[in-house]
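# Sharing a model prediction with you, sequence too.
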Amino acid sequence: MKILIIEDSEILRRSLVVGLNHLGFATDETGDGAIGLKMALQNTYDVIILDLMLPNLDGMALLQTLRNKNSPARVLILSAKNQTQDRVDGLLKGADDYLTKPFSFDELHARILTLMRRGGLEHSDDSLTVGDFRLNLASRTFTYLDRSIELTPNEFKILECLFSKPNRVVSLEKISEAVVGHYDYLSKNAIEVHISAIRRKVRAVDGQLPIQNKRGFGYTISQ
């Protein structure tokens, strides 16, 4: 699952990135409204966390443009504006949720999970399956025949990327983007290390994950 954070406070923005990445979400971020709109239109995001008071383009104008362009992304407004009319305006103009500052990170996480469960998001049943393997996107858990396998956040993101495209070759670039976003890069060697670790963990519960390395192209998982 990919989240775009558009928030002009660098301290809050970086805090959100660290917290959401720790939970296993892939994130992109910016503090500029115009840049945020460009990113939202050029890329695919499941959820956009949107501040209202932004430089170059305010959050309400950004939201209206997204809805006029029929963007399917769920938008969660995160704003210091806490009057009832502010919340009403945001929801009427197309936001899916509105959370006022200051806020609890646990509440933000819960609201993101709620948005995931609403119709219209990919994987709305909260889980992906390949054979006897199940990846639960809401609880961020991975099981084989109901036996739990502990994954790191990066390992989970790699499997989510592969499980969402079974029987198709997923490029190293797409895997890297799923793990660290558009503005960083995960090397081929690092991806291989993560996948080797996943395989070891699966073998420890007597399973065998059907991941194949298509050299020069990427990886595929057989359904």
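All right, it came through fine.

# Return the distance of the lengthiest helix in the chain from the chain's centre.
Secondary structure of the chain per DSSP state H: the longest helix is helix 188-203. Remark: helix 188-203 is offset 21 Å from the chain centroid, using CA atoms, centre = their mean, to the nearest Å.

# Going by neighbour count, list what's buried in it.
Ile191, His194, Ile195, Ile198, Lys201, Val202 (16 or more other CB atoms under 10 Å). (Glycine included, C-beta is placed from N, CA and C.)

# send the alpha carbons of stretch 14-27 over as CSV?
The C-alpha coordinates for stretch 14-27 follow below in CSV (Å, rounded to 0.1, in the frame of the first residue of the first chain):
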residue,chain,number,x,y,z
ARG,A,14,9.4,13.2,8.5
SER,A,15,7.7,11.8,11.7
LEU,A,16,4.8,10.4,9.6
VAL,A,17,7.2,8.9,7.1
VAL,A,18,9.2,7.1,9.8
GLY,A,19,6.1,5.9,11.6
LEU,A,20,4.3,4.7,8.5
ASN,A,21,7.4,3.0,7.0
HIS,A,22,7.9,1.2,10.3
LEU,A,23,4.3,-0.2,10.0
GLY,A,24,5.2,-1.5,6.5
PHE,A,25,3.6,1.2,4.3
ALA,A,26,5.5,2.7,1.3
THR,A,27,5.5,6.5,1.4
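
# Just the mean pLDDT for that stretch, thanks.
Mean per-residue pLDDT for stretch 14-27: 88.

# those helices in this structure, which residues are they?
Using DSSP H, helices in the chain cover 10-22, 33-42, 59-68, 84-92, 105-117, 153-163, 172-180, 188-203.

# Quick check: can you list the domain ranges of this structure?
By the assignment in automatic domain parsing, the chain contains the domains 2-117, 127-221.

# now the first one, how far from the chain's geometric center?
Right, domain 2-117. 13 Å.

# I'd say Phe217 and Glu173 touch.
No - here Phe217 lies out of contact with Glu173, judged by CB atoms under 8 Å, at a distance of 10.6 Å.

# mind giving me a markdown table with the helices of the chain and columns for distance to Val130?
Listed next are these as a markdown table, based on distance: least, CB to CB, whole Å:
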| stretch | distance to Val130 |
| --- | --- |
| helix 10-22 | 24 |
| helix 33-42 | 30 |
| helix 59-68 | 33 |
| helix 84-92 | 38 |
| helix 105-117 | 20 |
| helix 153-163 | 6 |
| helix 172-180 | 16 |
| helix 188-203 | 11 |
